[in-house]
Each structure stands twice: as structure tokens, then as C-alpha cells.
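S.K.: what's the 3D shape of this:
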Amino acid sequence: MLIRKEQDLDPVQTEVFDIMVGYDVEQKNRRKQRATRRLLEARRAIERHREEKELMTWLDEESWFEENE
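M.R.: Model prediction:
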């Protein structure tokens, strides 16, 4: 819906336009929130993987020492 600057809008047209613009802004915000959530989940998964890897190395070393005693 293109509106020329010189075109006067009646109150109903103005309200419809405001609703449409507001809806678009809401959709953009929701997409940003979803993207941010996915990024945070990915970071957490990477951190979990690194922690597990580090713990497995530590546990392997501990079991190796127990076997030699």
C-alpha cells in the first residue's frame, strides 16, 4: 500500500495503515527473537560439547591411574 505524501488520509485509513505498520514491526521483532534464541541455543550446545569433551578426558585419565594402582 503506497501512500503519497500529499494524499490526505481519513481516520480509518490512518488506523489501518498504523495497524499494518505495527504488524510488520511485530513480525520483525519475532524473527529477531527467534534468531537470537537459536543462536543462544547453539552457543549452549557448543559449550556443553566442550565441557563433555573436557570431562571425558579427565575421567579417562582418572580411570587410567586407577588401573595402574
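S.K.: tell me the mean pLDDT over the strand or helix carrying Glu15?
M.R.: Using DSSP states H and E, Glu15 maps to helix 11-68. For helix 11-68, the mean per-residue pLDDT is 88.
S.K.: Off-centre distance for it?
M.R.: How far helix 11-68 lies from its chain's middle: 5 Å, per C-alpha atoms, centre = their mean, to the nearest Å.
S.K.: which helices and strands does that helix pack with?
M.R.: If you count contacts as 3 or more C-beta pairs under 8 Å, 6 or more residues apart in numbering; DSSP states H and E, helix 11-68 packs onto no helix or strand. Any C-beta I mention is one placed from the backbone N, CA and C, and that applies to glycine too.
S.K.: Show me the residue at the heart of the protein, geometrically.
M.R.: In the chain, the residue lying closest to the centroid (C-alpha atoms, centre = their mean) is Thr36, at 1.9 Å.
S.K.: Quickly note the distance from that one to Ala42.
M.R.: Remark: distance between Thr36 and Ala42 (C-beta to C-beta, to the nearest Å) = 11 Å.
S.K.: what about Leu9, which SS state?
M.R.: Following DSSP: H, G, I helix; E, B strand; the rest coil, Leu9 is assigned to coil.
S.K.: How many neighbouring residues does it have?
M.R.: Neighbourhood size, Leu9 [other C-beta atoms under 10 Å]: 11.
S.K.: Use 274 as the first number for this chain going forward.
M.R.: I'll keep to 274 as the first residue from here, and by that count the last item is Leu282.
S.K.: So what's the residue count around Trp331?
M.R.: Using other C-beta under 10 Å, Trp331 is surrounded by 10 other residues.
S.K.: what's near enough to touch it?
M.R.: If a contact means C-beta atoms under 8 Å, 6 or more residues apart in numbering, then Trp331 has no contacts.
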